[in-house]
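**Q** Predicted structure and sequence below. I'll ask about it afterward.
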Amino acid sequence: MAHISRTTITRPANTTAYTAGDVIGTTDSAIIRIVGIGPMSDHILITAADLEIDVASVPSGMTSFRLHLYDEIPGSALADNAAWDLPSGDRANYLGYIDLGVISDVGSTLYTQADQVNKQFKLGFGHTSLYAYLQTIGGFTPAGNSEVYRLRLRSVGL
């Protein structure tokens, strides 16, 4: 069975610059919950991922993004604009990452996609979700307050 999971991240209301390697999140947390990505506690294959940013032009320095995946909520609980790290407490639940690619200006929106991802995971016990951090590869200053990032993952149950 195929699954599509959509997640919206609304950045905090500031224009604080991101350093290369920082995570992007909300006012509350940078942990992203990817809901309904597969059958409970089962194996899935992520087939594609895309990221839409509701901004009209690429901010200077913005290059690409990396999505770090976990089968449980990471204990590190990083906040928006924190440097991503894989501390010892997160290692057991870390599943790897997906490089989302270079961001493109497609008119009034920014967009990138990764097709044929083909990463296989087992969801955590009792879960139909994955957890993630969205990491910026290039440092940049946000274009405006409270920008919206829309992440979409496609998967199939195995």
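**A** Received, thanks.
**Q** and the gap between the closest residue to Gly75 other than its chain neighbours and Leu95?
**A** Excluding the flanking residues, the one nearest Gly75 by C-beta to C-beta, 6 or more residues apart in numbering is Gly89, at 4.3 Å. Bear in mind the C-beta positions are built from the backbone N, C-alpha and C, glycine included. Taking C-beta to C-beta, to the nearest Å as the measure, Gly89 and Leu95 are separated by 15 Å.
**Q** more neighbours, these two?
**A** A count of neighbours by other C-beta atoms under 10 Å puts Leu95 above the other of Gly89 and Leu95, at 20 against 10.
**Q** Torsion angles phi and psi at the more buried one?
**A** Main-chain torsions, Leu95, degrees, to the nearest 10: phi -110, psi 0.
**Q** which residues sit in contact with it?
**A** 69-71, 119, 121, 130 (C-beta atoms under 8 Å, 6 or more residues apart in numbering).
**Q** Count the residues that sit near the nearest residue to it once chain neighbours are set aside.
**A** Computed as C-beta to C-beta, 6+ apart, the closest residue to Leu95 that is not its neighbour in sequence is Leu69, at 4.2 Å. For Leu69, the tally of surrounding residues (other C-beta under 10 Å) stands at 23.
**Q** just use 25 as the starting number from now, easier for me
**A** Understood, numbering begins at 25; the last thing we discussed is Leu93.
**Q** Sticking with Leu93, tell me its helix or strand.
**A** Leu93 belongs to strand 88-94 when elements are defined using DSSP states H and E.
**Q** That strand pairs with which strands, parallel or anti?
**A** For strand 88-94, the pairing partners within the sheet under DSSP bridges are strand 118-126 (antiparallel), strand 154-160 (antiparallel).
**Q** Can you check which of the ones you listed gets nearest to Asp109?
**A** Taking C-beta to C-beta as the criterion, strand 154-160 is the member of the strands paired with strand 88-94 that comes nearest to Asp109, at 9.7 Å.
**Q** So which residues make contact with the closest one?
**A** Contacts to strand 154-160, defined as C-beta under 8 Å, 6+ apart, come from residues 33, 42, 44-49, 54-58, 61, 75, 86-87, 89-98, 102, 108, 117, 119, 121, 145, 147, 173, 175, 177.
**Q** After that strand, heading C-terminal, what element do we hit next?
**A** Following the chain from strand 154-160 toward its C-terminal end, the next helix or strand by DSSP H and E is strand 172-181.
**Q** where does this structure have low pLDDT?
**A** Applying pLDDT under 70 to the predicted model, the chain contains no residue that meets it.
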